[in-house]
Structure formats: structure tokens, C-alpha cells
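*Asks:* sequence and predicted structure, then a few things I'm wondering about:
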Amino acid sequence: MSEAIDIPAVMLRSTGLNNRAWTLLAALTGALVIASVAMAAVLLGGFGIDADFTTRLAPPSLSRWFGTDQLGHDMLARTIHGLNVSLWVGLIAATISVLIATLLALFATTCGRWADALVSFLIDAAMGLPHLVLLILISFALGGGTAAVIIAVAVTHWPRLTRILRAEILQLRHADFIIVSRRMGKSWAYIGYHHFLPHLWPQLLVGLVLLFPHAILHEAALTFIGFGLEPSKPAIGVLLSDSMRYLMAGKWWLGLFPGLCLLMLVLCFDAIGNGLRLLADPRQEQL
Amino acid sequence: MLEARDIHFAYRPEAPILSGVSLALAPGELIGLSGASGGGKSTLGRIMAGYLHPGRGSVTSGESMSGWSPVQYLHQSSIFAVDPRWRIGRIVEEGWQPDEATRQALGISRAWYDRYPHEISGGELQRVTLLRALSPQTRYLIADEITAMLDPITQADIWRLLLARCEAGLGILAISHDAPLLARVATRTVTMQSGKLL
């Protein structure tokens, strides 16, 4: 009596796209959305910033998709302006954070044991404190405003990336292929450029992109509770805190759409970060 | 002469790996180093190649230490000895431009040059690291289990090439569990047991 054992073949997704293609498609879509937000803000100019008292608190309609606020601003235009402000604050703050992380990681791994101990202590100290409290303290101490928010976000977001970079550099330094390179007579400068950098730049780039959503959300949070950007700026945090006063009166569109758009922007950056991580690592090519 | 004198080594002070090992490798000599696992064979090889620094004792190769090192080491797991983000072609040519004859003798195909280390097999990668190490400037080769993962025919090809290089003056320290193999290729064989040479 013999019976053939039937092992079912793994069903492939019928779309013909694998995980990799999906991730890259998502990343590309995210990049397009972000680019169009930045472009739309430029094209809109003063629209959405200047008040128009003839159409106050109009609910969403075909001509005004996101409705209008108490001063007659078009909420779609205002949201786009807000997202644009968030993008710039996020870009500057995240870039400064990555720079701080890189310098600290290099300092920790090249300047001896005491430097490593000092940086590790700083990382632990910064990660031990509640993020938002530190943000509020710094922003408040600096007197609020755009510059204060950027500095507050920048100096609180380096620990995680510093820790990753430090571990990566330490691991590389003791890797056999680095010693092989040394034994073939290569200088540390050559090894730094040809062996260390290709391993570190994906971490830096992904780190930068994934810092963005953090920076943007914290900027919005700071502004929402009044320690952030000036109330006159069309920032998402300002829009959300303004909407609080009208939510109870049933003007739901003032909070819902800006909030959803902020979420969408953050998800776009997340998609780009994942796509970059995939692209940067040759070992992930088949996934 | 590549000479290790009275080498002591321990990762942790209470567990010495090597205690007072001396070994001299002459040009044109092929020493087989065998012994049980964990006996310190690879550690001795790495110390003689300059990958590890001995706690006590010294290693001299009688040549200057700048530029291409006269002592080259072949890792038993070659995947650790290559940059995972480099393609094979770049790995092979990092230190010198290997000649066609050696490449073909090792059975290394040009088709691998576009691939990454994880895209070729362990045995293929082993041959790639061997080719990379066989520069004319290499005087001594520490070969740690380099043919353990190869098929018998490729193994024979590689040992034929290494024996020819040995006759031309290359000193080889072959580390292996394979006592019959060492008996066949080595000029002399030494056995290591719990951190000492017998």
C-alpha cells in the first residue's frame, strides 16, 4: 500500500510583486506624497494664511474639502502649510540629530575607554529621562519659537542612533575582514572609506529618515501644548490646539483632517525608511 | 623564518589557551598542525599571523611589518574574512592583481566576480580568500582548515597548487583535524593538546 504524500506548493501572491517590490513601491509613493506636499505649499502662496470672514466655520464640501476655520481659512490649504512647516522643522532637527549622533559615536569609538564610558553614560542618561519632559524643558528654557523647537528636538533625538552607530563601529573594528585589509597593507584612511563607510551610511540614512517622523510628531506635540511654534504659524500643532475650542461645538473637521494628514506624513517617512533599509543591504536582495 | 617563541595566551586569565608554545616555520616548509578541538590550534595560527597579540612571548618573521604583511592567514570560515558589502571581484583584487594561471588553478570563475559573498558557496568563497592571499609578497601562509568544506577533487587541486608554491619557497602552516591529509602533504606534523605542543 503506497500513498503519495502531497506537499502543497507555496502559493505565490497573484499580483506578481514580491515583498521587496511592495516595500519599494510604498517608499516611492511616500516620497511622491511628501514632495507634492512641499510643492503644494509653495504653489498655494498666501492662500489659507489670509483670513476670509465671509466663509467662517464652513463644514467640508466639494469646493472646500477640509472645511474652513473660525477665521474663514481654507483648512486644506492651512493643513498643507502646516505639513510644510513640519517638514522643514523635521528636516533641520533630524539632520542636526544625526550629526550629533555621528560625532558622538566616532568620539566614543576612537578616543579611548574613557570617551566610550562618557558617551555610554550620556546615552543612558538621555534615554532614562522622559522624552517629552526634556523637550518641554529645553523649548521653554529657550523661550519657545521655531529655533527653540528645532534645538529641543535635535538635542533629544540622538541617543538611539548613537547607540546603533557605536555598536556597528565597534563590531566592524574587530571584524576579520578589517584585519585582513590591514594585513594587506591598507591604511586606516582607506579602510575607513572603503570598509567602514559602506556599512555606516545606510544606518545614517535610514536613521535620518526614521528620525523625521519622531521630530515631526514631537514638534506638533510641543506646539499643541503651547511650548512650541508661534500661534500665528500655520503649524499642525497650532491647528490641532485651535480645533480643541470648536470640537465641543461639533466642528469636527478642524481637528480630524490635520490629524489624519500628520499621520499620513509620518507613515510616508516610515515607508521611505523601510525602502532605504532594503535597498542598502545586498543580503536583503532576495527577500 | 617565521618564529613564535614561548607564546602564552588567554582570553580570561583563569583559562589559558596557550601556555609556552614555540614553533618555527621555515620558507619552503609545510608544517601540519593537528590536535583536538579547543586545543588552541586556531589561536596559535591567529597569533602567528598577527591577528591576536600574545599575552607573553613574541612572533618574528624577519621582515618589515609595513605594507603587505609577509604572513597571511586564511580563516576557517571564510565568510568572516570578506566584507559582506563587497562583490567578489573587488574582494579578490583588494590587495593585488591575481594572475590568470592561479585563478584558473583554483577553479575560480569570472562569473562569480559580480556576486556578493553570500551568493556563492562556502567552498567557492574559501578559494576566493586563498587566491586573495597568494600574492608573490606572501612568504608564509597560515591555512586554518581551508579544505575541510571542499569536495575531494577540488581539495586535491588546491593542495597540488599549495605544494608547488611550497617548493617555490612559501612556508605553510596547515591547521587541520584531518591527520591522513596532513601526513600526505606536510614536511613535518606537530600535535597540539590543551595549549601545548607535543
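*Replies:* It's in.
*Asks:* residues touching whichever residue of the stretch 101-250 of chain A sits closest to chain B, list them.
*Replies:* For the stretch 101-250 of chain A, the nearest residue to chain B under the criterion C-beta to the nearest C-beta is A:Met184, separated by 3.5 Å. The way it works is simple: take the backbone N, C-alpha and C, and place the C-beta from them, glycine included. For A:Met184, the contact set (C-beta atoms under 8 Å, 6 or more residues apart in numbering or on different chains) comprises B:Trp68, B:Ser69, B:Glu94, B:Gly95, B:Trp96, B:Arg132.
*Asks:* and the closest residue to A:Leu142 other than its chain neighbours, what pLDDT?
*Replies:* Nearest non-adjacent residue to A:Leu142, counting by C-beta to C-beta, 6 or more residues apart in numbering or on different chains: A:Ala148, 3.7 Å away. pLDDT recorded at A:Ala148 is 90.
*Asks:* what does chain A put close to chain B?
*Replies:* For chain A, the contact set with chain B under C-beta under 8 Å from any C-beta of the partner chain comprises A:175-177, A:179-181, A:183-186, A:195, A:198-199, A:281-283.
*Asks:* out of those residues, who's the most crowded?
*Replies:* Neighbour counts for those peak at A:Val180, which has 28 neighbours (criterion: other C-beta atoms under 10 Å in any protein chain shown).
*Asks:* check whether it really touches B:Trp86, as I assumed.
*Replies:* No - the pair A:Val180 / B:Trp86 is not scored as a contact, 11.3 Å apart, by C-beta atoms under 8 Å.
*Asks:* circling back: got phi/psi on the residue of the stretch 101-250 of chain A closest to chain B?
*Replies:* The phi and psi values for A:Met184, taken as degrees, to the nearest 10, are phi -90, psi 10.
*Asks:* flag the shaky bits of the chain, pLDDT-wise.
*Replies:* Assuming you mean chain A. A:1-17, A:46-53, A:56-58, A:72, A:284-287 (pLDDT under 70).
*Asks:* correction: the question concerned chain B.
*Replies:* Ranges of chain B meeting pLDDT under 70: B:63-65.
*Asks:* now it against chain A: closest residue?
*Replies:* Counting by C-beta to the nearest C-beta, chain B gets nearest chain A through B:Gly95, at 3.5 Å.
*Asks:* show me what contacts that residue?
*Replies:* So B:Gly95 contacts A:Met184, A:Gly185, A:Lys186, B:Trp68, B:Arg132, B:Ser135 (C-beta under 8 Å, 6+ apart).
*Asks:* what about the nearest residue to B:Trp96 once chain neighbours are set aside, which helix or strand?
*Replies:* By the measure of C-beta to C-beta, 6+ apart, the closest residue to B:Trp96 outside its immediate chain neighbours is B:Ser135, 4.3 Å from it. For B:Ser135, there is no helix or strand it lies in under DSSP states H and E.
*Asks:* hang on, isn't B:Ser135 packed against B:Glu94?
*Replies:* No - counting by C-beta under 8 Å, B:Ser135 stays clear of B:Glu94, with 10.7 Å between them.
*Asks:* for A:Ile151, give its distance to A:Val89.
*Replies:* From A:Ile151 across to A:Val89, the span is 11 Å (C-beta to C-beta, to the nearest Å).
*Asks:* that older thread, tell me the phi and psi of the residue nearest to B:Trp96?
*Replies:* Torsion angles, degrees, to the nearest 10, at B:Ser135: phi -70, psi 150.
*Asks:* Three-state assignment for the residue nearest the centre of chain B, please.
*Replies:* Central residue of chain B (C-alpha atoms, centre = their mean): B:Ala143, 2.2 Å from the mean position. Taken by DSSP: H, G, I helix; E, B strand; the rest coil, the conformation at B:Ala143 corresponds to strand.
*Asks:* list the buried residues for stretch B:30-38?
*Replies:* Judged by neighbour count (16 or more other C-beta atoms under 10 Å in any protein chain shown), stretch B:30-38 contains these buried residues: B:Leu30, B:Ile31, B:Gly32, B:Leu33, B:Ser34, B:Gly35.
*Asks:* would JSON lines of these with distance to chain A and secondary structure be doable?
*Replies:* Converted to JSON lines, the buried residues of stretch B:30-38 look like this (distance: C-beta to the nearest C-beta, whole Å; DSSP: H, G, I helix; E, B strand; the rest coil):
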{"residue": "B:Leu30", "distance to chain A": "21", "secondary structure": "strand"}
{"residue": "B:Ile31", "distance to chain A": "20", "secondary structure": "strand"}
{"residue": "B:Gly32", "distance to chain A": "23", "secondary structure": "strand"}
{"residue": "B:Leu33", "distance to chain A": "19", "secondary structure": "strand"}
{"residue": "B:Ser34", "distance to chain A": "23", "secondary structure": "strand"}
{"residue": "B:Gly35", "distance to chain A": "22", "secondary structure": "strand"}
